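Asker: Let me see the structure of the following:
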Amino acid sequence: MASTGYAGLWSGAFIAPWDWRRRNKRTIIVGASSIPIDAQELLLGSALLSDPPSPECLIKGTVDLNGERIYHLPGQLSYGQIDMTKKPGERWFCSEAEAEATGWRKAAR
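Answerer: Reported below is the predicted structural model:
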């Protein structure tokens, strides 16, 4: 008789690695026979956030057409025009140090 229970990695909800890179609101979450109701929010995290995750995390990280990762601070010229729900790869940062440590550069203006 086959077991319906999952063990190890397969016992929890997860996103396949090839889907993780391009995750968005339609990303399929697989794994557990019963996926927790908050799995999408937990697993997709900042991929779903059009608003900052907290009041301290207001730095917007965007990816330009050349794939360059650039962060924008509140008060910079283009900050207010950036829509955080339009492009993959966008994310929020809580500090400039965090952004730079993960390979992003500050916007020129």
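Asker: from here on, contacts and neighbour counts on C-alpha atoms
Answerer: Will do.
Asker: quick one: residue 109 and residue 76 touch, right?
Answerer: Yes - using CA atoms under 8 Å, residue 109 is in contact with residue 76, at 5.7 Å.
Asker: hmm, who's touching whichever strand or helix holds residue 92?
Answerer: Using DSSP states H and E, residue 92 maps to strand 91-93. Strand 91-93 is contacted by residues 46-47, 52-53, 57-62, 84, 99 when judged by CA atoms under 8 Å, 6 or more residues apart in numbering.
Asker: from those residues, which ones fall inside strands?
Answerer: Members of the contacts of strand 91-93 lying in strands (criterion: DSSP state E): 59-62.
Asker: Which of the contacts of strand 91-93 are buried? Put it as a PyMOL command.
Answerer: Buried residues among these (16 or more other CA atoms under 10 Å), as a PyMOL selection:
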select buried, resi 46+47+52+53+58+59+60+61+62+84+99
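Asker: quick one: which of the contacts of strand 91-93 is nearest to residue 17?
Answerer: residue 47 (14.7 Å; CA to CA).
Asker: Compute the first-to-last residue distance for stretch 61-75.
Answerer: End-to-end distance for stretch 61-75: 14 Å, by CA to CA, to the nearest Å.
Asker: same question, stretch 101-109
Answerer: Per CA to CA, stretch 101-109 runs 20 Å from first to last residue.
Asker: With stretch 92-105 instead?
Answerer: 14 Å.
Asker: Near residue 103, how many residues? Count them for me, please.
Answerer: By other CA atoms under 10 Å, 11 other residues sit near residue 103.
Asker: likewise the one 5 residues further on?
Answerer: Around residue 108 there are 9 other residues, counting by other CA under 10 Å.
Asker: where along this structure do the helices fall?
Answerer: Using DSSP state H, the helices of the chain run over residues 17-20, 39-44, 96-101.
Asker: Between those helices, which has the poorest mean confidence score?
Answerer: With a mean of 59, helix 39-44 has the lowest mean pLDDT of the helices of the chain.
Asker: which one of the contacts of strand 91-93 is nearest residue 68?
Answerer: residue 62 (8.3 Å).
Asker: Might you report the residue contacts of the closest one?
Answerer: Residue 62 touches 69-72, 87, 89-91, counting by CA under 8 Å, 6+ apart.
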